[in-house]
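> Provided below are the primary sequence and the corresponding predicted coordinates.
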Amino acid sequence: MWTRVFGLRAVEPAPAGLVDYMAAKAISVVPHFKGDDLGWTEGEIHLTDGSPILLARYLTVEDELRDDLNGYAAELETMDYDPNHRVLMERVIQTQQLITLRK
């Protein structure tokens, strides 16, 4: 399972906030994050049962994602059968960071 989160702000989501949110839902986790001077870039959230959740964080400018995002936006623009295609296209165009989650 893959999930992509298109972030409109470049503000780094705090790993502690993710862990606190899961703890509030009574989900016990062991987090492992690594990064650089721009914040965390990769993370693993180990659950008590099952495989870990793998996270990766990409910054639009620093990781040169603009061409990929423009491609996603162009594809969304053609999906006029969906009433949300323009809103989704605009969100992809405005993306400042992309976070992927994989289980």
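Perfect, thanks for sending it.
> Give the next helix or strand downstream of the helix ranked longest in the chain.
When the chain is scanned for its longest helix (criterion: DSSP state H), the result is helix 66-77. Downstream of helix 66-77, the next assigned helix or strand under DSSP states H and E is helix 85-93.
> between that following helix and helix 66-77, how many degrees?
180 degrees (axes from the mean of the first three to the mean of the last three CA atoms, to 10 degrees).
> Not counting the helix or strand following helix 85-93 itself, show me its contacts.
Counting by DSSP H and E, the next helix or strand C-terminal to helix 85-93 is strand 97-102. With CB atoms under 8 Å, 6 or more residues apart in numbering as the test, strand 97-102 has contacts from 1-7, 9-10, 12-13, 53-60, 65, 69. In short, each C-beta sits where N, CA and C put it, glycine included.
> likewise stretch 34-44?
Residues outside stretch 34-44 that contact it (CB under 8 Å, 6+ apart): 12, 15, 31-33, 52-59, 62.
> just the buried members of those?
Those of the contacts of stretch 34-44 that meet the buried threshold are P15, P31, F33, P52, I53, L55, R57, Y58, L59, by 16 or more other CB atoms under 10 Å.
> Of the residues you listed, which is the nearest to L76?
Closest approach between the buried ones among the contacts of stretch 34-44 and L76, by CB to CB: Y58, at 18.7 Å.
> Excluding chain neighbours, what is closest to the closest one?
Of all residues beyond its chain neighbours, the one nearest Y58 is L98 (4.6 Å), with distances taken as CB to CB, 6 or more residues apart in numbering.
> Tell me how many other residues crowd the one you found.
Using other CB atoms under 10 Å, the number of residues around L98 comes to 20.
> List the beta-bridge partners for it.
According to DSSP bridges, the partner residues bridging L98 are F6, Y58.
> Can you give me the pLDDT of it?
Looking at L98, its pLDDT is 96.
> With D36 as the reference, measure out to it.
Separation of L98 from D36 (CB to CB, to the nearest Å) stands at 16 Å.
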